[in-house]
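[1] Okay, predicted coordinates and the sequence, questions at the end:
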Amino acid sequence: MADQTRSSAKAVHVFSYNTTTKKWEPFGGNISLTVSGQQTDALTDTQLRATAVPISGTVTADLGATDNAVLDAIQAAVENKSTALTTSQWVTSEKSTTDGDIVATPGAGNHLEIYHLSGNNLGANDTIFSIENGNAGASVRHVMLAKEGGLFEAQFNPAIRLSSDTALYYDYISGAAADVHISVHYKIVAD
């Protein structure tokens, strides 16, 4: 049986995004090709449109400043989203008569999304507290729990979105010797 060889030519059409017109336009720069290990002369935009060029190897484009800026912005956006926490978490925090974070600040450029809150009072006295969007922020939930086992639970659909780089905060209001356990289901999300 004789050897069979197949070859096919592929045309490459290169476009760049024009940020002024907000449209993709044919690339107007020069592209040099490495074909089977040999460098060819730079092809003009007109030559690229007129001739299908078989490519094997690498394509190197001489991009303008605008094209590079668009690619950099796309890369930064993709990297920013990929570093955001994609799975939700649960945390339980024990609180008393001292104010403080239930979930710490998520860091610059991120915010907390709260899906579920629950808690119980194991103390010997009724207890009142507020769960807030940061220290002295807007109340997410105002709670009064009966002594020795008072419970609360709240689910949020859609989730409550806290302000950027803000903790979920416990603000004690009243009740001697409070012993409150608060559970939170949350996610850290890029702004």
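    Perfect, thanks for sending it. Numbers count the residues shown, from 1 in each chain.

[2] Which residue, neighbours along the chain excluded, lies closest to Arg141?
    Excluding the flanking residues, the one nearest Arg141 by C-beta to C-beta, 6 or more residues apart in numbering is Ile131, at 4.6 Å. For glycine as for every other residue, the C-beta is placed from the backbone atoms N, C-alpha and C.

[3] now for the helix or strand that neighbour falls within, which elements pack on it?
    Element membership for Ile131 (DSSP states H and E) is strand 127-133. Packing partners of strand 127-133 (3 or more C-beta pairs under 8 Å, 6 or more residues apart in numbering; DSSP states H and E): strand 139-145, strand 168-174, strand 180-190.

[4] Let me see the contact set for the residue nearest to Arg141.
    Shown in contact with Ile131 (C-beta atoms under 8 Å, 6 or more residues apart in numbering): 102, 117, 139-143, 168-171, 182.

[5] Would you map out the domains in the protein?
    15-83, 89-190 (automatic domain parsing).

[6] Which of the ones you listed has the lowest mean pLDDT?
    Ranked by mean pLDDT, the domains of the chain end with domain 15-83 at the bottom, a mean of 60.

[7] Tell me where the chain has strands.
    Using DSSP state E, the strands of the chain run over residues 15-18, 23-26, 31-35, 38-39, 59-61, 89-95, 100-103, 110-121, 127-133, 139-145, 150-161, 168-174, 180-190.

[8] Redo those as TSV? Include distance to Ala69.
    As requested, the strands of the chain are arranged in TSV below (distance: least, C-beta to C-beta, whole Å):
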stretch	distance to Ala69
strand 15-18	10
strand 23-26	15
strand 31-35	19
strand 38-39	28
strand 59-61	15
strand 89-95	36
strand 100-103	37
strand 110-121	25
strand 127-133	36
strand 139-145	40
strand 150-161	30
strand 168-174	38
strand 180-190	21
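
[9] Now tabulate the helices and strands packed on strand 127-133 in a markdown table and tack on mean neighbour count and distance to Phe152.
    Formatted as a markdown table, the helices and strands packed on strand 127-133 follow (neighbours: other C-beta atoms under 10 Å; distance: least, C-beta to C-beta, whole Å):
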| stretch | mean neighbour count | distance to Phe152 |
| --- | --- | --- |
| strand 139-145 | 17 | 5 |
| strand 168-174 | 19 | 13 |
| strand 180-190 | 18 | 9 |
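
[10] of those strands, which approaches Glu94 most closely?
    Comparison of these against Glu94 by C-beta to C-beta identifies strand 180-190 as nearest, at 5.4 Å.

[11] partners of that closest one, with directions?
    strand 89-95 (antiparallel), strand 110-121 (antiparallel) (DSSP bridges).
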